[in-house]
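Participant: Next comes the sequence, and after it the predicted model I'd like to discuss.
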Amino acid sequence: MRLLLSLVTLMRPHQWLKNTFVFAGLMFSEAWNNGPLALTVLNAFAAFCCFSSLVYILNDWHDRAADARHPVKRLRPLASGAVQPGAALGLAAVLLGVGLALAAGNIKLLVLLGMYVALNLAYSLHLKHVPVVDVTIIASGFMLRLLAGTLAVGIPPSRWLLLAGLFVALFLGFSKRKAESFHDEADQRAVLEHYPPALLDVFMAVTMTASLMTYGLFAASAEAQRQHGDRLLYTVPIVVFAMLRYAFQVHRGRGEDVSRDLLRDRWILIALAGWLMVFLGHRF
């Protein structure tokens with residue numbers, strides 16, 4: 001049982017929250033009543049869960065010696081010895097097989113998954129040490145998820161939605177670096193020596209502004225008006241509040257783990273619930 005729990009921890013299932021970007025196309029196209037399409041999107045989500053866990057395992061396997069010397073990362077299953085390297089690679093092989101089976105027959109999805117793995121392996125091996133490039137790769141992972149839930153399943157992606165998704169992803173990436181900068185210098189990522197705190201503040205401000213601008217333009221676009229009426233416009237203040245609240249939390253040292261920290265803040269959860277109520281209100 002202890003080994004099973006350690007294997008589950010190694011997959012980092014809480015990080016699957018990031019894969020909900022796959023559902024953006026289905027949500028904004030309001031096509032969830034289309035059973036076959038919804039199932040295709042669900043398969044894409046499950047495939048990304050498999051491949052994202054695969055990437056985390058390979059990253060932990062590669063960094064296990066360095067992680068063992070880190071005050072926090074030494075508790076990870078591979079670094080602590082709770083999972084042996086061979087067992088970790090065996091689990092990675094299983095996830096690869098399941099992910100490929102879920103994406104079988106969908107060439108576009110397979111290409112996006114391949115790009116996701118290639119980018120993340122390049123990130124783990126070297127590019128995480130290159131400033132700006134590191135965050136761009138993190139943002140690219142979110143964009144590939146967004147494309148998996150639109151282009152790869154036959155839902156035409158909105159240009160404004162893609163732009164908003166890009167800037168939100170960059171904002172989350174630079175927020176992660178800002179949160180990491182509050183660690184003791186000995187525990188910080190090597191790349192942070194190239195990110196002065198003031199520069200990270202600028203990057204966060206620019207990407208947050210761009211996120212809110214593009215989301216507002218998306219909400220006010222003729223395309224959104226035809227599809228959703230004024231409902232998206234009413235969600236703009238909620239999105240503004242949520243992003244400001246998240247920026248506040250980042251400057252308190254949170255935000256390093258996006259998935260976990262989003263779920264820990266009750267005000268962001270309330271904002272999410274409010275967004276859903278406004279967006280789906282006409283359904284009730």
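Facilitator: Sure thing, it's come through.

Participant: how many neighbours does Trp61 have?
Facilitator: Trp61 sits with 17 neighbouring residues when counted by other CB atoms under 10 Å. Glycine gets a C-beta too; all of them are placed from N, C-alpha and C.

Participant: Spit out the contact partners of it.
Facilitator: Going by CB atoms under 8 Å, 6 or more residues apart in numbering, Trp61 touches Leu78, Pro85, Ala88, Leu89, Ala92.

Participant: What remains of these if I keep only buried residues?
Facilitator: Buried members of the contacts of Trp61, counted by 16 or more other CB atoms under 10 Å: Leu78, Ala88, Ala92.

Participant: Which one of these is nearest to Arg260?
Facilitator: Leu78 (19.5 Å; CB to CB).

Participant: Quick one: mean pLDDT for the host helix or strand of that closest one?
Facilitator: Using DSSP states H and E, Leu78 sits in helix 77-80. For helix 77-80, the mean per-residue pLDDT is 85.

Participant: tell me which strands and helices whichever helix or strand comes after it is in contact with?
Facilitator: Tracing the chain C-terminally past helix 77-80 and defining elements by DSSP H and E, one meets helix 85-103 next. If contacts are counted by 3 or more CB pairs under 8 Å, 6 or more residues apart in numbering; DSSP states H and E, helix 85-103 sits against helix 2-11, helix 35-67, helix 77-80, helix 107-125.

Participant: Make TSV from the buried ones among the contacts of Trp61 and add distance to Ile238 to it.
Facilitator: Below are the buried ones among the contacts of Trp61 laid out as TSV (distance: CB to CB, whole Å):
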residue	distance to Ile238
Leu78	40
Ala88	41
Ala92	39
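
Participant: Show me what counts as buried in stretch 67-74.
Facilitator: Going by neighbour count (16+ other CB under 10 Å), the buried part of stretch 67-74 is Asp67, Lys73.

Participant: do the same with stretch 114-127
Facilitator: Under the neighbour-count criterion of 16+ other CB under 10 Å, stretch 114-127 has Tyr116, Val117, Leu119, Asn120, Tyr123, Ser124, Leu127 buried.

Participant: Appreciated, that's everything.
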